[in-house]
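A.B. asks: Model the structure of this input:
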Amino acid sequence: MSVAESRTIVLFRHAKADWPQVTDHERPLADRGRTEAAEAGRRLADTGIAFDLALCSTAVRTRETWKLAVQEFPQRPKTVYEERIYEASPGELIALLNETPDDMRNVLMIGHNPGIQGLVEVLAGSGEDEARERMTRRGFPAAAFAVLSFGSTWKSLEPGTAALRDYWAPAE
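C.D. replies: Coordinates of the predicted model:
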């Protein structure tokens, strides 16, 4: 594959979590979150993107979100559960993405706010005005995702080098 070939990254915030008496890392999905995770999975499948790799935080709510969403996919991508996604800043998430092998063309990251939304905002130097306007209006609620593309290597991914192509969030 040519390094100049377009790559896609989808940044996906975990679905709505519950607040039981457990540590933050162990918080499960709420009932609404389970419904929204499956809906987000259907919407992701509808994009037609064939994911090569999914990077998922190790937190219970992200793992549950991924388990429900991926059931909607025609083919399950390789999944790596990555503890560095939990509580990561946009810069730390970029550093993690910079480690992605270049034979991975389409990557999905399932994580947390404020890091995921911040990463979308930092990476998207250009893009679809309509998608950007919807994201600005809605914010980045639980189970939302953004689709970004860029045309270089993963090691070259840095602020402003991607284009926002699509945005989706569940209806309130």
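A.B. asks: If we go by neighbour counts, what in the helix or strand of the chain with the lowest mean pLDDT is buried?
C.D. replies: For the chain, using mean pLDDT, DSSP states H and E, the weakest element among its helices and strands is strand 124-127, scoring a mean of 86. Within strand 124-127, the residues scored as buried using 16 or more other Cβ atoms under 10 Å are 124, 127. For glycine as for every other residue, the C-beta is placed from the backbone atoms N, C-alpha and C.
A.B. asks: partners of that strand, with directions?
C.D. replies: Strand 124-127 pairs in its sheet with strand 162-168 (parallel), by DSSP bridges.
A.B. asks: average model confidence for the partner strand?
C.D. replies: Mean per-residue pLDDT for strand 162-168: 96.
A.B. asks: So which residues make contact with it?
C.D. replies: For strand 162-168, the surrounding residues in contact (Cβ atoms under 8 Å, 6 or more residues apart in numbering) are 8-9, 40, 43, 47, 120, 123-128, 131-132, 134-135, 138, 144-150.
A.B. asks: Next: stretch 105-114.
C.D. replies: 1, 5-14, 44, 49-57, 59, 62, 65-66, 69, 77, 85-88, 93, 97, 100, 116, 140.
A.B. asks: And the residues you listed, which of them are buried?
C.D. replies: The buried subset of the contacts of stretch 105-114 - by 16+ other Cβ under 10 Å - is 7-14, 44, 49, 51-57, 59, 62, 65-66, 69, 77, 85, 88, 93, 97, 100, 116, 140.
A.B. asks: okay, the angle between the longest helix along the chain and strand 162-168?
C.D. replies: As assigned by DSSP state H, the longest helix anywhere in the chain is helix 31-46. If you take axes from the mean of the first three to the mean of the last three Cα atoms, to 10 degrees, helix 31-46 sits at 120 degrees to strand 162-168.
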